[in-house]
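Q: Build me a structure from this.
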Amino acid sequence: MHTERANETTAVAWSALGVGLINGLMSGRSYWLLRYF
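A: As a prediction, the model looks like this:
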């Protein structure tokens with residue numbers, strides 16, 4: 001049970017990290033677009 005919970009927490013952490021990375025990429029891209037135009 002403990003390993004399943006740990007795997008679940010790891011999956012949630014990785015998904016949250018992926019979402020943060022995508023959001024950072026989108027905001028960074030929009031920032032560069034605003035800077036160029």
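
Q: How far off centre is the strand or helix carrying L34?
A: Using DSSP states H and E, L34 sits in helix 2-36. With Cα atoms, centre = their mean, to the nearest Å as the basis, helix 2-36 stands 0 Å off its chain's centre.

Q: Buried residues, that helix. List them.
A: Buried positions in helix 2-36, judged by neighbour count with 16 or more other Cβ atoms under 10 Å: none. Any C-beta I mention is one placed from the backbone N, CA and C, and that applies to glycine too.

Q: Packing partners of it?
A: If you count contacts as 3 or more Cβ pairs under 8 Å, 6 or more residues apart in numbering; DSSP states H and E, helix 2-36 packs onto no helix or strand.

Q: Can you tell me how far T9 is from H2?
A: 11 Å (Cβ to Cβ, to the nearest Å).

Q: Check I22 too.
A: I22 is 31 Å from H2, by Cβ to Cβ.

Q: Ok, G20 next?
A: Distance from G20 to H2, by Cβ to Cβ: 27 Å.

Q: Equivalent analysis for S15, please.
A: Counting by Cβ to Cβ, the gap from S15 to H2 is 21 Å.

Q: again, but for A11
A: The gap separating A11 from H2 is 15 Å, by Cβ to Cβ.
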